[in-house]
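Participant: only the shape, not the letters, is given here:
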């Protein structure tokens, strides 16, 4: 049998668009276009020429999509968070986020009976050098409980307001908590004009790196353990395209820094603040957001709790966790390397967002 010849003869985008327009039974192709930004439109069809961009997408290097199922306990008081975590551990909890307001956290009440070295834990704090005091208390707690603190997979929010303290902090953490990673938290939801959102995010990251007193070697070592924490919305198509655009830009940025050999170490976490006053609606919203994160290829999904309108908070958060469990363990979405590959509409949208945002960087 003669092998299938995939070297089709070249046709312009205009020729393809004309053919598509003729094949539509009703309406026009414009009916399938959506606005990603005031300047960017998502199109249902893209020609190969649309994808010839010099970005070398990081996505193509991804090994898998095996995200961590998690919850955000930041709105839960220390008095009850321990019970919440213990109950959710039985339902597949793999990661969780906590807000650490100061260095005097009662670790006994928060972590009692929880094997810390088995979880990926995000500590949302911006206390700069106070982190050292916080981690010293944590180390003492681990020693008392016979946990190996050097194996803890904690993630600390970068104290980006005081870069001069980073060198001392990095040296301390590298010696005492070599597995600790850092995350940079973005300040707006992804739906906020995606290109402008990414431009502001990259300008902030660039400012932090340029103002840091860390040596290049230390800075690059820290970047190898860097996460970026996004807030997502129910606008899942825009969110997926923006996450992909960020990864494209990040790969480009590493090339500028001459550090593109560790681009595959970048990890994305998500959270959201898109709840309504109806639990059923919120479960649907959480499902859409979790799907978008999984399809976008994030490392962890940390769904936030609700503050109001919940009759049974523990059970509601269990349902939020089960959304991820069903996606991961029943639908096997974690085994898909890049679910969007070949989706020209989202691939084109990703490139266009990245292109516009990159052009605006200061």
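Facilitator: That came through fine. Since the structure is predicted, the reported quantities are computational estimates derived from the model, not experimental observations.
Participant: break down the chain into its strands, ranges please.
Facilitator: Using DSSP state E, the strands of the chain run over 34-35, 41-42, 68-72, 95-99, 120-124, 153-157, 181-189, 226-232, 267-272, 300-303.
Participant: helix or strand with the lowest mean pLDDT in this structure?
Facilitator: strand 267-272 (a mean of 69; mean pLDDT, DSSP states H and E).
Participant: which one of the strands of the chain is the most hemmed in?
Facilitator: Highest mean neighbour count among the strands of the chain (mean count of other CB atoms under 10 Å): strand 300-303, with a mean of 27. To be clear about C-beta, it is placed using only N, CA and C from the backbone, and glycine gets the same treatment.
Participant: partner strands of that strand, parallel or antiparallel?
Facilitator: Paired with strand 300-303 in the same sheet, following DSSP bridges, are strand 68-72 (parallel), strand 267-272 (parallel).
Participant: ok, residues contacting it?
Facilitator: 67-72, 94-97, 120, 122, 267, 269-272, 286, 289-290, 293-294, 317, 320-321, 323-324 (CB atoms under 8 Å, 6 or more residues apart in numbering).
Participant: what segments of the stretch 201-350 of the chain are helices?
Facilitator: Secondary structure of the stretch 201-350 of the chain by DSSP state H, counting those that start in this stretch: the helices cover 216-223, 236-256, 279-296, 313-325, 344-360.
Participant: adding mean neighbour count, mean pLDDT and distance to residue 32, write those out as JSON lines.
Facilitator: As requested, the helices of the stretch 201-350 of the chain are exported to JSON lines (neighbours: other CB atoms under 10 Å; pLDDT from 0 to 100; distance: least, CB to CB, whole Å):
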{"stretch": "helix 216-223", "mean neighbour count": "16", "mean pLDDT": "77", "distance to residue 32": "40"}
{"stretch": "helix 236-256", "mean neighbour count": "23", "mean pLDDT": "84", "distance to residue 32": "12"}
{"stretch": "helix 279-296", "mean neighbour count": "21", "mean pLDDT": "87", "distance to residue 32": "19"}
{"stretch": "helix 313-325", "mean neighbour count": "19", "mean pLDDT": "89", "distance to residue 32": "29"}
{"stretch": "helix 344-360", "mean neighbour count": "21", "mean pLDDT": "85", "distance to residue 32": "8"}
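Participant: of all those, which one is nearest residue 106?
Facilitator: Between residue 106 and the helices of the stretch 201-350 of the chain, the shortest gap by CB to CB is with helix 313-325, which sits at 20.6 Å.
Participant: and that closest one with helix 279-296, angle?
Facilitator: Between helix 313-325 and helix 279-296, the angle comes out at 30 degrees (axes from the mean of the first three to the mean of the last three CA atoms, to 10 degrees).
Participant: out of the helices of the stretch 201-350 of the chain, which gets nearest to residue 113?
Facilitator: Comparing the helices of the stretch 201-350 of the chain by their distance to residue 113 (CB to CB), the top pick is helix 313-325, with 16.3 Å.
Participant: so which other helices or strands are in contact with the closest one?
Facilitator: When contacts are defined as 3 or more CB pairs under 8 Å, 6 or more residues apart in numbering; DSSP states H and E, helix 313-325 sits against strand 68-72, helix 78-89, helix 279-296, strand 300-303.
Participant: those: which one's closest to residue 218?
Facilitator: With respect to residue 218, and counting by CB to CB, the nearest of those is strand 300-303 at 25.2 Å.
Participant: report the rounded mean pLDDT for that closest one.
Facilitator: Per-residue pLDDT values over strand 300-303 give a mean of 87.
Participant: before we move on, what about stretch 111-129?
Facilitator: Taken as a whole, stretch 111-129 carries a mean pLDDT of 78.
Participant: could you do stretch 169-179 as well?
Facilitator: If you average the pLDDT over stretch 169-179, you get 84.
Participant: quick one: contacts of that stretch?
Facilitator: Under the contact criterion CB under 8 Å, 6+ apart, stretch 169-179 has outside partners 128-129, 131-132, 135, 139, 149-154, 156, 159, 180, 214, 218, 221-222.
Participant: in it, what counts as buried?
Facilitator: Within stretch 169-179, the residues scored as buried using 16 or more other CB atoms under 10 Å are 169-170, 172-173, 176-177.
Participant: try stretch 79-95
Facilitator: Buried residues in stretch 79-95, counted by 16+ other CB under 10 Å: 81-82, 84-85, 88-89, 93-95.
Participant: then stretch 134-144?
Facilitator: By neighbour count with 16+ other CB under 10 Å, stretch 134-144 contains the buried residues 134-135, 138-139, 141-142.
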